[in-house]
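Peer 1: Kindly generate the corresponding structure for this input.
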Amino acid sequence: MRSSITKNVLSESVLPLGKLWELNPIWAVLDNAQREFAMSQIEVRRYRKGEEIHHEGNTPTHMMMLVSGKIKIYKEGVGQRQQIIRLLKPFDFFSYRAVVGGGGYNSTAEAIEDCTVYQLNKECFIYLLKNNNQFCFLVMQSMAGDLGNQEAQTVNLTQKHIRGRLAESLLTLKQHYGTDEDGATIAMYMSREDLAGMSNMTTSNAIRTLSQFAQEGVVSVDGRKIKILNETELMKLSRLG
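Peer 2: This next block holds a predicted model:
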């Protein structure tokens, strides 16, 4: 019951980056009473670069939406190697699968840069799912999309050569985060370790392969900045694997 959840009403100034439904259309299907209720349950958390937001195995207490910054979702494998399974940009939401499915988190979320997160307690989230069919459908649709993307990623990481995997990762970064004003530099300055974790390879292989791409004129590299010079060739490398 809605009345059983303790309300913690937030003033407008506590949500400086906007209301939920102004940032992601999934929340726009809530009626006025549900919007007010959701607003009353939001907590605003800020995380520093490198800080964990949730850890694999922990019990979920909130579903979350990133409102500024960037986050990586990863699983830790043999030798503490990180396998990045998802990258988040502002207004993406996360942690909801664990809330709906029960049990602990099956991955870890970490801030890639300083970020702000809106957290909605799981009791409120479940209440909204049960009492707004359209909201429930959109959440299911998003969950299905995430599952489809992860299935495609599994195939790419297991069947493609390392050059194909790295090319795929660079194209994904550009598609997900866009580019700087020059229209070519990926607007995501990722460490070589994270690029390797995203491409399922060692850091040394990621450095070596990226250098090969630069020598071939496919990209140019300036520190963590990667500029795509020949997207057609990069797509070919990704496709051929």
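Peer 1: how many other residues sit next to Leu88?
Peer 2: 23 (other Cβ atoms under 10 Å). Every residue, glycine included, has its C-beta placed from N, CA and C.
Peer 1: What separation do you get for it and Gly77?
Peer 2: Distance of Leu88 to Gly77, given as Cβ to Cβ, to the nearest Å: 21 Å.
Peer 1: ok, now Gly183?
Peer 2: 36 Å.
Peer 1: Just grab the bridge partners of the most centrally placed residue in the chain for me.
Peer 2: In the chain, the residue lying closest to the centroid (Cα atoms, centre = their mean) is Leu88, at 2.1 Å. Beta-bridge pairing for Leu88 (DSSP bridges): Ile71.
Peer 1: list the buried ones in the worst-scoring helix or strand of the chain on mean pLDDT?
Peer 2: Lowest by mean pLDDT, DSSP states H and E among the helices and strands of the chain is helix 133-159, with a mean of 86. Taking 16 or more other Cβ atoms under 10 Å as the neighbour-count basis, helix 133-159 is seen to contain the buried residues Phe135, Leu138, Val139, Ser142, Asp146, Gln153, Asn156, Leu157.
Peer 1: from the chain's centre, how far out does stretch 179-197 sit?
Peer 2: Here stretch 179-197 shows a centroid-to-chain-centroid distance of 15 Å under the convention Cα atoms, centre = their mean, to the nearest Å.
Peer 1: Check the separation of the first and last residues in it.
Peer 2: 21 Å (Cα to Cα, to the nearest Å).
Peer 1: got any ranges where the protein has weak pLDDT?
Peer 2: Regions of the chain meeting the criterion pLDDT under 70 cover residues 1-16, 79, 241.
Peer 1: mind listing the strands for it?
Peer 2: Here the chain has its strands, by DSSP state E, at 42-47, 52-54, 62-68, 71-76, 82-88, 93-94, 108-111, 115-121, 219-222, 225-228.
Peer 1: Redo those strands as JSON lines? Include distance to Thr203.
Peer 2: Putting these into JSON lines (distance: least, Cβ to Cβ, whole Å) gives the following:
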{"stretch": "strand 42-47", "distance to Thr203": "24"}
{"stretch": "strand 52-54", "distance to Thr203": "21"}
{"stretch": "strand 62-68", "distance to Thr203": "26"}
{"stretch": "strand 71-76", "distance to Thr203": "14"}
{"stretch": "strand 82-88", "distance to Thr203": "11"}
{"stretch": "strand 93-94", "distance to Thr203": "26"}
{"stretch": "strand 108-111", "distance to Thr203": "17"}
{"stretch": "strand 115-121", "distance to Thr203": "24"}
{"stretch": "strand 219-222", "distance to Thr203": "15"}
{"stretch": "strand 225-228", "distance to Thr203": "15"}
